[in-house]
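Peer 1: What shape does this take:
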Amino acid sequence: MNFAEKERESFYSRLIWLFPAIFFFHVIEESLGFARWVQEILEGQIDISAFYINNAGFMVVLLGLTALASRKKTMWATVPLFFWVSGQQFWNFIFHMYTQFHFRHYSPGYFTALFLYFPVFLYLSYIALRERFLSGGFLFAALVAGAFGMWFTIWAGLYHFGSFPWARWV
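Peer 2: Residues are numbered from 1 along each chain as shown. This is a model prediction of the structure:
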């Protein structure tokens, strides 16, 4: 059995479980100052209890979608997982890269976004496309939807549906 066959065989049984594993490590990194950073740097507001409650909810959704895809092993079960992780992990990576450089201040979550979110998302997307577990059209749609999901999460979670400080961000 070659490496590609091993990847195909383990995609649903092992590899997609990297998504919740790396989310766990990302939350740990963010918990070391994200709430304070949001207030001081982004001029938003999130307290640590809301941070943990939100991330616990995000983890429940991620675990549910991962379990569904792992159990069903179909494109129709894989698509919702990629819709979720595109916002939660790919666009979160973009968020941390952008804020790190735009605001010139350490963005809690930067290292796990850079070294875990981005490479794992690319790797699993590559396998999903190569093995036709996901179509290019669905991946594109997931990336577009994920961008809106990430923006909504920032607006709702950090600015509480108030006016978004566009001038600060651009």
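
Peer 1: just for the protein, where's the confidence low?
Peer 2: Nowhere does the chain drop to pLDDT under 70.

Peer 1: for it, what spans make up the strands?
Peer 2: With strands called from DSSP state E, the chain shows none.

Peer 1: Which parts of it are helices?
Peer 2: 3-10, 18-31, 34-37, 48-72, 75-85, 91-102, 110-112, 118-130, 136-159, 166-169 (DSSP state H).

Peer 1: Out of those helices, indicate the one that is most buried.
Peer 2: Among the helices of the chain, the stretch with the highest mean neighbour count (mean count of other C-beta atoms under 10 Å) is helix 75-85, at a mean of 21. In this view, the C-beta of every residue, glycine as well, is placed from N, C-alpha and C.

Peer 1: Remind me what it packs against, helices and strands.
Peer 2: helix 48-72, helix 118-130, helix 136-159 (3 or more C-beta pairs under 8 Å, 6 or more residues apart in numbering; DSSP states H and E).

Peer 1: and these as a markdown table, adding distance to A167?
Peer 2: Listed next are the helices and strands packed on helix 75-85 as a markdown table, based on distance: least, C-beta to C-beta, whole Å:
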| stretch | distance to A167 |
| --- | --- |
| helix 48-72 | 25 |
| helix 118-130 | 28 |
| helix 136-159 | 13 |
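
Peer 1: Those: which one's closest to S107?
Peer 2: Comparison of those against S107 by C-beta to C-beta identifies helix 136-159 as nearest, at 12.4 Å.
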